[in-house]
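*Asks:* Kindly generate the corresponding structure for this input.
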Amino acid sequence: LWWNHVNMFSDQTAVVYMVFLLNYTTDSPEEKPEALYIGHTPHYVFPARPLSPDYCYQVRILSVTSRNGIAGTCTSTAKYVTDAEIHVTNITTTSADIWFKTRLCEPKVNYGVRLVWDLSDSYGNFFIIVSNYSSQDGRDIFTAHAPDLTPNKEYRVLVDRQPAVGNNDMFGFYGEFTTLPAPPDTNVTVTSAVVSYDTIAYEYKIEDFSKLYAEESDIKNYVLKIRDADRGGWEEITIPGSRQDGLYKVQNLTPHVRYCATMAVRNPTGLGPFSEELCNTTTSAPAPAPELRLVETLAEEVTIEVTRPEPPKGNLVTYNVTYTDNTVRKNLDYIVKSGLKQNITMKRLNSHTPYTFIVRAVNSQGMIGAPKEIQVTTLQSIPEAAPLLSTCDITPTNSTHFNATISWVGVHEDKVNGEIANYTLHLQKVISTRGENLQEVVYDKEFSFSFGSNKTRESIAQPLGSEFDFKHKKNELVRARLSISTEIGQGPWPTEYFNCSVPSPGRMGPGALEILLPVLSVIAIFIGVVAAFFYFFRFKTYKKTPYEEIKKLIKPETFSPCQHCMHNKEPKRWDVFICHVSEDENYIIQLKEAFVREKIDVFFAKDELSWGCELHRVINDGLRDSKYGLVVLSKHFVNKCSKWTSSELSSLHSKSRLSSQDDCILPIWKKDISEAEVGAFDMTLVGIKALKEEDMSVDQMAVELKKKLRSSGTCWGCKSYEYGWSTSDCSLDASPVDSLHTTLL
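*Replies:* Below you'll find the predicted structure:
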């Protein structure tokens, strides 16, 4: 209350003011004054309390002097009503019903209801609600409905009173209420900031914060759902936080996979709607190494269990398997099957061979992952080849027993398929029937023996037992063959038998006399006839053949200074001439020694040279008088460009053209040279079948050369009665090759 009294009592020494409130809320018309203030101040502002709600009051002020007592009275013209109680019912998340009763202290009062949601400014944000009026129990009842409210929001209800006549506002009253809470009604905007092979970073923000229906600090969390777009199935991730925006990384994803994500925000009441799906594809990266486990090992197969690498870092399509047995390297691809594990089987392997298998995972973009290796040794198997016999001699040990002495060239390690357990010698004696192309086997037996290891070349003497005998008849033939066995079984036999040499009659024992006596008698008679002829006609022959005539019969070449320093000896013949460079001398010596063991005559320049000989003439004789020319091709041979090797090779080409034989040149390729390098050096050599060091040992090459010499009917240095020499071979007269070689030099 506030008042300001006029100064009517200036001549009074003491004035007391008394303020009363007249209560008109009771049914009786009597006034019930309530004293609020007594004091000496002529104007004053003070609160009137305590009052009761919904009461009608009128203010009266009395002024009292010491001289006259009550000097004057002042009463307000209006009656004032304290605020009525505002009732808010049927509160929901978006609406409420408002009603109140007020006493009829003053007639013709208009009431207006306002809702304010910004409580910091009662007049800044509001809207007017049309109210309904009714009268009950001597009171005015007003009701109003507030629609379209915001959930979980505090509202203030203001009731304005205004007299029907005049513009003066009367006292108003107010109340407050809060709508019920509700889940958010706003989406979360999601964008992808970073995409890698296994991570997607999502940026998110609340689109309409006013529809969060909670304060920022009241945000419980965010829910992110992500799925593989091709396989489906949502994975739900709860993201803690109380901000309206943020960044979240989803890790450990599969590379090169399309992922779709959606997000919603949660307030204390519940979870809001999910946003539209945002889809991204992760990039790819090389996969880590898979896990390997050996499942089964056979002689020619190996099965390995491969476990898919985690994380795969991409769409895996194949497993690349590389394996080597120290000589051959192979690459194979196997399609990745569904499931975590799968078996891979490598076939057509070599038995009893150590292998190193390297497995890598390859994704759809061709990226090769990290390697994982496993070492496996295949099991033994039966051999794939048989040893080649090089000699077989039948020799007597006494008058009734014989030995078979054999030598052979062993099987290459790649064909043994394990460790050799034993050797088996198969020996037969065959008698041919004259006039008929039939053979009768009269002796057939197998002998087994063992060696500590597979040797390249070995020999053994095998007793044949008392049941073997030999009559030295022309229709008798002894032949043999050899095979090897491992723990698994026996290998194959050679396709052909090897014919054994038999002892001479003088060593055949008592049974040989039956054959030798007639033969010796014929030889003795022949010698006697020849001796008698020379005895009776020797003087007549000398008279008719003077020294000058004898000299004419001797060829002039016989009196030449030397036959490459052999001093008038008969010209020598060789089976093979070796054309090589000095850098390969160690290998050439091994090759020559293998040829000598097979009784092959070899022209080797160092062995034929002696003091004072001309190198040009020695090489010329070797080229002319050798059946074959062996050319050892290597990197040194093609890169050195030696005048000697170039001349020798040119002479061999000329010799091949001038002779009736096409295979005068026998090439050997060393390990360090390729077909392209040979073709770049001499294209004609590529078309000639060659033996390769990587496929055959020097002993096997010697056996091959011996076979070639046998098939052509000549082998200088072997048994002379078995082989012959003819001008149809590669040997020519001295003049064409000699003149050509001299011109080239």
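*Asks:* Look at residue 523 and give its secondary structure.
*Replies:* Secondary structure, DSSP: H, G, I helix; E, B strand; the rest coil: residue 523 is helix.
*Asks:* cool, residue 529 as well?
*Replies:* Residue 529 ends up helix, using three-state DSSP.
*Asks:* Can you report phi and psi for residue 147?
*Replies:* Here is the backbone geometry of residue 147 (degrees, to the nearest 10): phi -90, psi 180.
*Asks:* what about it, neighbour count?
*Replies:* 9 (other C-beta atoms under 10 Å). For glycine as for every other residue, the C-beta is placed from the backbone atoms N, C-alpha and C.
*Asks:* Could you do residue 290 as well?
*Replies:* That count, for residue 290 with other C-beta under 10 Å as the rule, works out to 24.
*Asks:* these two touch, right, it and residue 361?
*Replies:* Yes: counting by C-beta atoms under 8 Å, residue 290 touches residue 361, with 5.7 Å between them.
*Asks:* Check the contact lists of the two and give me the overlap.
*Replies:* Taking C-beta atoms under 8 Å, 6 or more residues apart in numbering as the contact rule, residue 290 and residue 361 both touch 308-309, 319, 369.
*Asks:* Now pLDDT and neighbour count too, for those, in JSON lines please.
*Replies:* Formatted as JSON lines, these follow (pLDDT from 0 to 100; neighbours: other C-beta atoms under 10 Å):
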{"residue": "308", "pLDDT": "91", "neighbour count": "19"}
{"residue": "309", "pLDDT": "90", "neighbour count": "22"}
{"residue": "319", "pLDDT": "93", "neighbour count": "23"}
{"residue": "369", "pLDDT": "89", "neighbour count": "23"}
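*Asks:* Which parts of the stretch 51-200 of the chain are strands?
*Replies:* Taking DSSP state E, counting those that start in this stretch, the strands of the stretch 51-200 of the chain run over residues 56-65, 69-75, 80-81, 86-89, 96-103, 109-116, 126-129, 132-136, 139-146, 154-163, 170-178, 188-195, 200-206.
*Asks:* Now the weakest link among those, please, by mean pLDDT.
*Replies:* Note on the strands of the stretch 51-200 of the chain: lowest mean pLDDT is at strand 132-136, with a mean of 59.
*Asks:* ok so, going back, so which of the shared contacts of residue 290 and residue 361 sit within strands?
*Replies:* residue 319 (DSSP state E).
*Asks:* I'd like the shared contacts of residue 290 and residue 361 as TSV, with distance to residue 603 appended.
*Replies:* Output for the shared contacts of residue 290 and residue 361, formatted as TSV (distance: C-beta to C-beta, whole Å):
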residue	distance to residue 603
308	65
309	63
319	57
369	59
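*Asks:* which one of the shared contacts of residue 290 and residue 361 sits closest to residue 484?
*Replies:* Ranked by distance to residue 484 (C-beta to C-beta), the shared contacts of residue 290 and residue 361 are led by residue 319 at 37.6 Å.
*Asks:* can you count the residues close to the residue nearest to that closest one when sequence neighbours are not counted?
*Replies:* For residue 319, ignoring the flanking residues on the chain, the nearest one in space by C-beta to C-beta, 6 or more residues apart in numbering is residue 334 at 4.7 Å. Neighbourhood size, residue 334 [other C-beta under 10 Å]: 16.
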